[in-house]
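S.K.: Need the 3D shape of this:
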Amino acid sequence: MARPPSLMGAERPFRVRAEDAEDLAVVSAYLQDAVLPVAEIAYAPAEERFALVAARFRWEKAKRDKVQAEGGEPDERVHCGVRFEGVTAVRARGVDPKKDRGRMLNLLQIASDGGHVELICADDVTIRLDVRRLACHVEDLGEPWPTVFRPTHEE
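M.R.: Next up is the predicted model:
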């Protein structure tokens, strides 16, 4: 089960599993604005497994204001592995996983409506997973690195 963001230590790797919509909302918040190389997406139909590796912006460590304090710590990204079990089919809109291997996607949200999970990305790209049940595992991989690029959204 996902732990509430307030209990997550900023220096601890994010590691959680999601089994319901509330859990997935926590995962979605932590993965918002992750950079997802299409080449790092894989679906194994025989194992009913869908996995990806993304560069996750560490929102839990980011300063609340948009201006970095002089001499303060920079924002960070970290590689993050995401795995869904019980996946019976995968469909993509706005991207061809075989032809667009060099493309980078910007993950905006992960949503579930029962038998489906949608990875909603910028530029009208959606990857839809048909799932038997919601079983998602997420884990930061390796050490974070500094970034000067903070994701922004129009209000």
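S.K.: Residues contacting whichever helix or strand residue 16 is part of, please?
M.R.: Element membership for residue 16, per DSSP states H and E: strand 15-18. Under the criterion CB atoms under 8 Å, 6 or more residues apart in numbering, residues 1-3, 23-24, 26-27, 30, 134-140 lie in contact with strand 15-18. Quick note: C-beta positions are derived from backbone N, CA and C, even for glycine.
S.K.: Among the residues you listed, which pair sits farthest apart?
M.R.: Across those, the longest distance by CB to CB is 20.7 Å; it joins 134 and 140.
S.K.: Filter the contacts of strand 15-18 down to just the buried residues.
M.R.: Among the contacts of strand 15-18, those buried by neighbour count (16 or more other CB atoms under 10 Å) are 2, 23, 24, 26, 27, 30, 134, 135, 136, 138, 140.
S.K.: Please enumerate the strands of this structure.
M.R.: Ranges of strands within the chain are 15-18, 34-37, 41-44, 49-57, 75-85, 87-93, 104-112, 116-121, 125-131, 136-147, based on DSSP state E.
S.K.: Now tabulate those strands in a markdown table and tack on mean pLDDT.
M.R.: Formatted as a markdown table, the strands of the chain follow (pLDDT from 0 to 100):
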| stretch | mean pLDDT |
| --- | --- |
| strand 15-18 | 94 |
| strand 34-37 | 96 |
| strand 41-44 | 97 |
| strand 49-57 | 97 |
| strand 75-85 | 96 |
| strand 87-93 | 97 |
| strand 104-112 | 96 |
| strand 116-121 | 97 |
| strand 125-131 | 97 |
| strand 136-147 | 94 |
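S.K.: Only the buried residues of the strand holding residue 16, if you could.
M.R.: Applying 16+ other CB under 10 Å to strand 15-18 flags 16, 17, 18 as buried.
S.K.: Give me the most central residue, the chain.
M.R.: In the chain, the C-alpha nearest the mean C-alpha coordinate belongs to residue 31, at 3.5 Å (CA atoms, centre = their mean).
S.K.: per-residue confidence for that residue?
M.R.: At residue 31, the model reports a pLDDT of 96.
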